[in-house]
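Asker: model this:
(2 chains)
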Amino acid sequence: MVAQRRFLPLVAVLALGLFVLVARLVQVQVFEAPVWGREAANLVRSSNVIPYHRGVIRDRNGVVLARDEDLYEVEFEYRAFRRGHVLGQVAHARSALELRSVPLAEAFEHLEDWARALVAITPEQLAAFARGEALAIGGVVVPASADPVLEQRNQRAIDVRYYAGALLGLDDRAARALRPDAEDPARVRSWIELAAERARKSTKERLAAELEHALACARGDLDELAARLADDLESIGGEGATPLARLVDALERRRRAVEDQCADAIFESAAGFSAGRLSSRALAEDLDTRWIAALLRWDAARAGEWSATRRDRWLQRLDGLVVPRLFARAVVEEEQGRKRASARLFDGLAELYAPRSAAPRGRGDPPPSWTELEELAVLDELDGLFEGVRLPAEERDFRATLPLNDPELQTSEPGEEDPWLYVALATELVDAHALDPAAPVNAAEASARWNALAEKGLAAEDPEGVAELGRFVHALETRFVAAIDRALLALREENGGRPLAFAKARLDAALQQEKSLSKDLASRTVLLRAQPDYELVHLIERHPERYRGFEVRETTRRVHTVVDANGEPFARTLLGGVRKPSLEELFAQIRDQRRFDALKYQVLRSADEERELAEINARLFRADEWTGGTGIEDYFDAELRGRFGWREVRGLAGRDELTIGEPPIDGKDLDLTLDVELQRAAQAVLEHPELPSERTDTEWFQNPVGAIVLLTVEGEVLAAASVPTQKGTAVPGRDKEREYVRERTLTRPTFNPPGSVFKPFVAAFALDRIGFDASLRFRCVPLKEGDRTGGYGDLHCNAIHHECDLTRALTVSCNCFFAHVGECYTTDELLEMARTFGFGEPTGIRLFGSSGRSGLREDWRLPTGDAWRKAVDAASGKRRFANGLSFVESTPMQLARATAGLATGFLPDVSIARRLEGVPVPKKGRELGLSETSLAFVRSAMERVVTDPEGSAHGKGLDERALGFTVAAKTGSADYAAIRKGFEASDVELSLAAEGRVRKHTWVTGWFPADHPRAVFVIYLHDLLYTSSHTAVHVGAQFLRQEAVKSWLARTLEAERQAEEAR
Amino acid sequence: MKEPNDDRQGGGTLSAGFHPGRAFSLRDVRWFELDWHVLALALGLLLLGLAFVRAMADADLAAGRSGVSFAKHFQKVALTIPAIVVALAVRPRWLRRHAWLVYGLCVALLVAVMFVGGSRNGSQRWIPLPIGFDLQPSELAKLGVIVALARVLYRNRLERAKDWAPPIGIALLPIGLVALQPDLGTALSLVPITLGMLFVAGARASILLRFVLGAAIVGVCVWQFQIGVHDYQLQRIQTWVEGFRAQDLIHARGGPAFHSYHARVAIGNGGLLGQGIGAGVANQTGYLPERDCDSIFAVVAEELGLLGTLGVLAAYGVMIALMMGSASAIRDRFSRLAAGGIAFYFAAQLFINVAVNLGLVPMTGITLPLFSTGGSSMLVTFLALGLFLGLSSHHEPSLDRDSFRT
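Answerer: Coordinates of the predicted model:
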């Protein structure tokens, strides 16, 4: 009983222990089951993204302007090739036997002989090989091994057995059936015999014939594939190299890349740092890496090749990826107000040189401050990394190895006046100039350079800044590698001069991960051909079993189907284009990405969190996704963009596969109000304006800069053309606008007053709201004797108009008269007048407003600050305002909208989108609130501009006889800048300058037919020496003469007539 | 009352000559008193383990992987299972007399492995044998410690302070030698066996608790101040601490937590009903390291699910409880202590193995008896099982003081 009493508490302890185990088991298997289930699914899952189609963009008549075109890409996956293609199988079986990376070309040359030899091996021979004995195969004798474990003989034998089975077409079940024989070392029959008898229920001869057939097919298939891929394969072996040789070489290069990556990953998992952080000498001589070579079946030469190239690869990665990213991130964080760029750069660099233990845990977590950096990467690992050897105590202090972990620099006071001081001091400390003459000589120069860059404005992808940082990082690297070299030499001395072998625990950890690393890296695909022809796609898709490793992937590209006469995409500046996300954008979504990761790995999620996860998933864009870059493509990106679909295969290939996924959601189609023919006509007229027969600005007609807008009176944009469409050269004496390809109908890149085209609006409002007497007569006479033009105050006309009433003043465009009208206004009334016609407000073309959208940039504001008001308050200010000068600006689109209001009494919102995914976009607008009498008065006057012999547009080709329809119009010229004097000025310019002329913008605005307005037009020409009557009117007439315009008008009127009849 | 000294009968050293009849006898076994239920449970678990290993081998073959070989495992089982009968036939009295010999042999092997042992997984633990598997002396040492402790505690009731020195010394020597290999996991697995036997021998629970508490404090200090432990051992502890929660473990899966991560994925993926034998992700991918040996519990949990795994744990629990019950009923103190020690051996192996896989203790390599494929582990398991069955059914006359206590 005593004894039993001693056991009872122990039984209780047993029960308690079991309870703890069960409780934990329940936690893991029940409560955490969803998260582990997801992780497990990830381990046996392969997934691919199914691209969506970005929405189609069409013109108002259904002509497709931009669409996504389906296309294919041919990719190559080395793992599938190695395991499934006879060439891969033979080459790798041979590599496993000979312990050298047998090139694919060599294996291809001996394909049949080696394949026959492989299937002729007996299990007994293979077992002896695994034990380390010699093996004679296919004319080659693999010598006996002194160290079968180090040489991985057992694993190599298993590899050979696998490839032999695969060559004989044994599937999983067949291989299983064959297994008892295969594992029996006493068996002396060849694999092909065993397979024929046990697995394939066939004869050796028939199996051999099948193998021969497969080998012959493989040669033919590869030949055919090579012929179709020939254009994309880099030439090797001189010009005589066949496409097949080039294909095999391309595959070999991929294999080497994959194997190099595997070696890198295995090394890093053992060492804790990248092989490229060591000098090539140290990697080759100081470290014992034979185990990596054995794992990858490399001989000494191949292993040497790997170790000789790691350092260069590391430096390439630094220059091509790490440094630009570091720089971009620093700039983004400064822009977001989180940290100064200089400090963020140092933090980022400290992260690069920090030991693993100091690395941030989560993706996107900010790095710790550089001032906390003490230990350094690599150096921190060395003590304890190697078997039986420790770093001597006197060699273990690595403080101040780099300026980044120099306590003196870390504790010095931060300089507010010079944020780049640390970078500058560090540059001097590492003596960057000694290594690279392009680097700054000392801290002062470094500081000056960085401050100059900062003053210029740091941009995330600024090549100058990236280069400067690159020079500094290279200097750091040189110092860092030298310190590692010294430490390794000390360790080697401790080791009696022998190469350093990794500690066993490190090796074991690496070997445990080797399989998954190799699988992951070898399964990544590379692009072989971007747009393969149909035959190539058909070839691979129809016979996947013959082209193992070659895959066809669906993708899309954006195509602009309508092009202009120059072959440029139709309305390029307005439609815009697509692009890949920038580095900045990718960084900017890091917070979303972190939240996404956190939610994804959360064990249990609420309904809200599930919704949030889905929303973030939809919001996050992929690095290779096409997204709106400019213009309409950008502005309507949210609508045009769809959502990627995904397809996921769970389970291992051939067994219990389950395919799930979601289909892609295409973007919405967008029907524009633009008319292709009208747009094309407007573009053509602007690009090739006809030179008028009268005196004009020939320079402008040879180098046009300007815009044409054509709206329906309901506000739909029929055409919105801008020139130049290609980057030109600035004309001497003019501004640089000819160098810039811009959208000019919605923007005013320069000071853009409307000039006299503003007068009709001033007149209509004055008549209706401030009681201006239309019959008032005002004299336009010279201010002083000898003047050839009328003048009033500081304003002049182009001629002496003598006595004018309002109608005549509008017809002849008398500045003096309108200066007087301006004086009748108060400042508030002037502002209200402008607002009534939509000046100073968006036109409405940005359907969804401006919040969160870019692309359709629109300038619409009028300055209304105190200084501006004060200037307008003065009489001269009002005079100029009423003449559309100095204090008022307009875009062509704003002017077109206002003109539509004048023509109809209803101010429409301008629209460029008619329908989104078939749903009409609602039309908006507002009544002007001006009486019909006042508006009719002004409309009549604008008709006279064309028809009256005194009219500023009379006899210029806008009359009914010339066009076939009537036009009401108003011309305008607005002073822009002084004519430049000096060596750039031509004789004509000098004479004009002597007359007191200035450079100007010229305009024509109006509508047609005059008595029944259907469309509104605005012609805007930039930076000319002559007035509208000599320039813009001619361009306007040329445009309105276009067949497309006449045809559109005829169709519209006919449609209205039919509609009327139908009613 | 003077303790009987049976050691004089029949001689205690090899110099007296080895007579198989004195060492082994099946005639003294009372078959009707044999713990058939323990044997049945053990064989049931063994068969279940065989089914799992078979499924693993099939999965590896299907995936074209080298790895688990059922034939080799079966060969080891066939080779080592006779150990049950051999150990069953060992006469308790002979064992008691030759306990020092057994212990000395185990210690000698532990010393020998330092010089002739093969290295695997970063440790020098194996002595190559030409019989299909290599011998791991640290596994045998567990039995050696049990026998030696039973021998020393046979007459030592731990009533005085100095009584504690011999049993502690006996346990510490192999623990130290095993730790030097280094194999801290196996070394520490001897601790619960020793504590259990000391308790059964009469040690006061409060003293043992102080021992445990002291050891825990030392352990924490060792971890915090990094004294006398290898970097990889500290890293394992760090990984364990950081990987207890699912999210943290997933974040750390690419580094040193690789093994723990895959074990946890497998167990968690089992859910309530399991994936079915051979159909778990651990078998499909082959990523889980040591899945046929130290991590086999993760495979079992994944493929049988919570309900099936509870069944396996219950079977183990019942088996160990039955062993403790049988041990407590043995009148002979040496046999009772040795049988109890064997029960603690099974319990310790089970708890440590399962706790490691569940992330309750830091990752260490220790087998799950009757399931794992290690040859030495299997040999020791069968020896222990046979010894237990023999000790509990081998009734020999005893003049032990406990025999007269009720």
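
Asker: can you count the residues close to residue A:113?
Answerer: Residue A:113 has 12 neighbours, counted by other C-beta atoms under 10 Å in any protein chain shown. Heads up, the C-betas are built off the backbone N, CA and C, glycines and all.

Asker: Now do the same contact list for it.
Answerer: Residue A:113 sits next to A:138, A:139 when contact means C-beta atoms under 8 Å, 6 or more residues apart in numbering or on different chains.

Asker: ranges for the helices of the stretch 151-300 of chain B?
Answerer: For the stretch 151-300 of chain B, the helices defined by DSSP state H, counting those that start in this stretch occupy B:165-180, B:184-201, B:205-225, B:231-242, B:246-251, B:258-270, B:281-285, B:296-328.

Asker: Report the separation between the closest residue to residue A:842 other than its chain neighbours and residue A:408.
Answerer: Ranked by C-beta to C-beta, 6 or more residues apart in numbering or on different chains and with sequence neighbours excluded, the top spatial neighbour of residue A:842 is residue A:860, at 4.8 Å. Using C-beta to C-beta, to the nearest Å, we find residue A:860 at a distance of 56 Å from residue A:408.

Asker: Distance-wise, check the residue nearest to residue A:842 relative to residue B:149.
Answerer: From residue A:860 across to residue B:149, the span is 93 Å (C-beta to C-beta).

Asker: of these two, who's got more company?
Answerer: Neighbour totals were compared for residue A:860 and residue B:149, and residue B:149 leads with 30 against 21 (other C-beta under 10 Å).

Asker: Can you tell me, leaving aside adjacent residues, what's nearest to that one?
Answerer: Excluding its sequence neighbours, the residue lying closest to residue B:149 (C-beta to C-beta, 6+ apart) is residue B:197, at 4.9 Å.

Asker: just checking, that neighbour touches residue B:151?
Answerer: No: in this structure residue B:197 lies outside contact range of residue B:151 using C-beta atoms under 8 Å: 10.9 Å.

Asker: so what's residue 135 bridging to?
Answerer: No chain was given, so I picked chain A. Under DSSP bridges, the beta-bridge partners of residue A:135 are residue A:142.

Asker: Wait, chain B was what I had in mind.
Answerer: Here residue B:135, judged by DSSP bridges, has bridge partners residue B:127.

Asker: Where does the stretch 301-450 of chain A get nearest to chain B, residue-wise?
Answerer: Nearest residue of the stretch 301-450 of chain A to chain B: residue A:384, at 4.7 Å (C-beta to the nearest C-beta).

Asker: That residue - that's part of a strand, no?
Answerer: No: assessed with DSSP: H, G, I helix; E, B strand; the rest coil, residue A:384 is coil; it does not lie in a strand.

Asker: Okay, now the unreliable bits of the stretch 301-450 of chain A?
Answerer: Across the stretch 301-450 of chain A, the ranges flagged by pLDDT under 70 are A:358-365, A:413-417.

Asker: Helices of that one, start to end?
Answerer: Under DSSP H, counting those that start in this stretch, the stretch 301-450 of chain A gives helices at A:323-335, A:341-353, A:379-382, A:407-411, A:421-429, A:432-435, A:443-456.

Asker: cool, the stretch 101-250 of chain A as well?
Answerer: Going by DSSP H, counting those that start in this stretch, the stretch 101-250 of chain A shows helices at A:104-109, A:111-119, A:123-131, A:153-167, A:172-182, A:191-194, A:204-229, A:243-271.

Asker: who's in contact with the helix or strand encompassing residue A:14?
Answerer: Per DSSP states H and E, residue A:14 falls inside helix A:2-26. Counting contacts by C-beta under 8 Å, 6+ apart, the residues outside helix A:2-26 that touch it are B:196, B:199-200, B:202, B:205, B:267, B:301, B:306, B:309-310, B:313, B:317, B:320-321, B:324-325, B:327-330, B:336, B:340, B:344, B:347, B:351, B:354-355, B:358-360, B:402, B:405-406.
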